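Asker: A predicted structure for the sequence below; I have some questions about it.
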Amino acid sequence: MPRDYDRSAVPSVYDLASVEPYRSEPGFEQVVFRGIDQMIGFSRIGPEKVDGEPHTHPYEQMNMLVEGRLDFLVDGERVELEPYDTLAIPPEVPHTSRALEDETATLLAFWPLREDRLDGTAYQREFPEL
């Protein structure tokens, strides 16, 4: 895993609401932000997002809903999140989410450093050569 960083670029502050999305599709936009060993997904999930099939990954995912409401399907069980609700999803547990009503929800997902998302953090000055 790339762990080097440019110490002269620290501290760095980024407004994730203004960073170009790493993923963008109807009803879903995601910006990723990394540290040395951790990563955050800043996602906006709208009512026009197509319901996705549950997926898994080999690491734990922690989630906190910032605004809006989300319906999460976790291991076959539905749970509704409201602002500031948090949800832990253990490794290999199937999950997916969708917005409720006609509003866009903002979700923070916390992961270990994911090499499959590193290219989404090229805007960060602390990590100049990924």
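Answerer: Arrived safely, thanks for sending.

Asker: show the pLDDT at Pro2.
Answerer: With respect to pLDDT, Pro2 has a value of 63.

Asker: against Thr86, how distant is Glu25?
Answerer: To Thr86, Glu25 is 25 Å away according to Cβ to Cβ, to the nearest Å. For every residue, glycine as well, the C-beta is placed using N, CA and C.

Asker: repeat that for Ser97.
Answerer: Per Cβ to Cβ, Ser97 is found 14 Å from Thr86.

Asker: those two: which is more packed in?
Answerer: Using other Cβ atoms under 10 Å, the more surrounded residue of Ser97 and Thr86 is Ser97, with 25 against 11.

Asker: test my guess that that one contacts Leu107.
Answerer: Yes. Under the criterion of Cβ atoms under 8 Å, Ser97 makes contact with Leu107 at 7.3 Å.

Asker: what touches both of those two?
Answerer: Listed as contacting both Ser97 and Leu107 by Cβ atoms under 8 Å, 6 or more residues apart in numbering are Ile45, Leu70.

Asker: farthest residue from the center of this protein?
Answerer: Ser8 (27.0 Å; Cα atoms, centre = their mean).

Asker: quick one, what contacts the residue lying closest to Pro94 once chain neighbours are set aside?
Answerer: Excluding its sequence neighbours, the residue lying closest to Pro94 (Cβ to Cβ, 6 or more residues apart in numbering) is Pro54, at 3.7 Å. Counting by Cβ under 8 Å, 6+ apart, Pro54 touches Leu73, Pro94, His95, Thr96.

Asker: cool, and Glu92?
Answerer: Thr56, His57, Pro58.

Asker: I'd guess it is in a strand, am I close?
Answerer: No. Looking at Glu92 with DSSP: H, G, I helix; E, B strand; the rest coil, it is coil, so not inside a strand.

Asker: pLDDT score assigned to it?
Answerer: So Glu92 comes in at 98 (pLDDT).
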